[in-house]
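next come a sequence and a model predicted from it.
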Amino acid sequence: MTADTRPRVFVCRIIPDDGLTPIGAQTRAEIWEDDGPPPRDELLRRVAGADGVLTMVTDRVDDELLDRAGPQLRVVSNYAVGFDNIDVAACTRRGVAVGNTAGVLTETTADAAFALLMAVARRLPEAYDYVRQGKWLNWTPMLLLSPDIHHATLGIIGFGRIGREVAKRARGFDMNILYHNTHPASPEEEARLGARRASLDEVLSQSDFITVHVNLTPETHHMMNKASFAKMKPTAMLVNASRGPVVDPDDLYDALKNGVIAAAGLDVTEPEPLPVDHKLLTLPNCLIVPHIASGSVATRGKMASIAAQNLLAGLKHEPLPSWVNPEVWRQR
């Protein structure tokens, strides 16, 4: 019987067939089939001797994992745009290629962020509960009044691909768009999107709605905190579809509870998943959904396809379609 010489990989969760099918055909794939992430000790055991690993944002890739995997590990393919779960420098030192799924979830995530904004602004969760609880007895002029979205000022913190797509959607509502970003967009891009770069303080103080689209870094960790909320309008509303730890959950609770800001819509939380008894879930002005911003059938399939392409390219010592550390290729 001929030995199977295909490279061995560990896939940390079931992903769409767009990714699993090519991985299964070209590798000896072991797949974690539970809904939740593999426990740390199980993850370390499963990666031992692997040539490649396909990870989720819940799977921490650090020196401990890289040591356990062994020197034959060639590639870590992250099923996400963000890669704050990966010690990229440690991978680079060891010559391990790291890939992500940049570019394929931009528009879908922007759709979800704007949907959160609209749902929070028009108090749709409260209205839905009002009907379900049998309180809708008649029409009244003062019932569940909300601010207008059209012509309001939208502040976008983080003006990368997703932030700019949110701006495109806001233009359809004739919103006044401010953005804060380390690097300015070109004058042509600003004109196309109807957006103006502003300081963080101006974005916080002038915006009716604020949507956050930054990477999680030491600088952005808890950037939305008590001091930030204090600079916002008491009528302002916050949307976060980036990473949970960008927002301090305790400070957000206090701000929402005490009327410092009006409402929030969160696709991501700290911790994640959020415990069912978490205090944020007691607030009627806080809409929380379970990290589904990229969750369309088409987009999750594209993410799976790119994650598989990254994995297979790394196993073949070829350039990754979506690199995080391309310097690994240049070092070869």
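Nice, I can see it. Numbers count the residues shown, from 1 in each chain.

quick one: residues contacting the nearest residue to residue 181 once chain neighbours are set aside.
Counting by CB to CB, 6 or more residues apart in numbering, residue 181 lies nearest to residue 159, which is 3.8 Å off, once chain neighbours are set aside. Where you see a C-beta, it was placed from the backbone N, CA and C, and this is true even at glycine. Going by CB atoms under 8 Å, 6 or more residues apart in numbering, residue 159 touches 167, 179, 180, 181, 185, 195, 197, 213.

what does residue 144 give?
Residue 144 neighbours (CB under 8 Å, 6+ apart): 123, 126, 127, 130.

and the gap between the most centrally placed residue in the chain and residue 189?
Taking CA atoms, centre = their mean, the centroid of the chain lies closest to residue 242, which sits 4.1 Å from it. Relative to residue 189, residue 242 is positioned 20 Å away (CB to CB, to the nearest Å).

re earlier: out of the contacts of residue 159, which are buried?
Among the contacts of residue 159, the ones that count as buried by 16 or more other CB atoms under 10 Å are 167, 179, 180, 181, 185, 195, 213.

mind checking pLDDT for residue 4?
pLDDT for residue 4: 89.

what about it, how many residues nearby?
9 (other CB atoms under 10 Å).

going forward, count from 40.
Sounds good: first residue 40 from here, last item residue 43.

in ChimeraX, how would I select just the buried ones from the contacts of residue 183?
Per 16+ other CB under 10 Å, the buried members of these correspond to this ChimeraX selection:
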select :162,165
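
show me where this protein has helices.
56-65, 79-86, 102-108, 127-132, 145-160, 163-171, 200-210, 226-232, 239-245, 265-270, 288-296, 336-354, 366-370 (DSSP state H).

pull out the buried positions in the worst-scoring helix or strand of the chain on mean pLDDT.
Sorting the helices and strands of the chain by mean pLDDT, DSSP states H and E puts helix 366-370 at the bottom, at a mean of 86. Counting neighbours by 16+ other CB under 10 Å, one finds that the buried residues in helix 366-370 are 367, 368.

now what about it, what contacts it?
By CB under 8 Å, 6+ apart, helix 366-370 touches 130, 131, 134, 135, 136, 137, 358, 359, 362.

identify the residues contacting the third one.
What it means is residue 134. Residue 134 neighbours (CB under 8 Å, 6+ apart): 367, 370, 371.

same check, this time on residue 132
Contacts of residue 132 (CB under 8 Å, 6+ apart): none.

also residue 365?
358, 359.

of the contacts of helix 366-370, buried ones?
Looks like the contacts of helix 366-370 have 130, 131, 135, 136, 137, 359, 362 buried, using 16+ other CB under 10 Å.

number of nearby residues for the spatially closest residue to the third one that is not a sequence neighbour?
Across the structure, with CB to CB, 6+ apart as the measure, the residue nearest residue 135 apart from its sequence neighbours is residue 112 (5.5 Å). In terms of burial, residue 112 registers 26 neighbours under the definition other CB under 10 Å.

would you agree residue 112 is in contact with residue 100?
No. Taking contacts as CB atoms under 8 Å, residue 112 lies outside contact range of residue 100: 9.9 Å.

between these two, which contacts overlap?
Counting by CB under 8 Å, 6+ apart, the residues touching both residue 112 and residue 100 are residue 92.

wait, the residue nearest to the centre of the chain sits on residue 256?
No. With contacts counted by CB under 8 Å, residue 281 stays clear of residue 256, the gap being 10.9 Å.

what ranges in the protein fall below the confidence cut-off?
40 (pLDDT under 70).

let's see it at 80
40-41, 369-371 (pLDDT under 80).

noted, bye for now.
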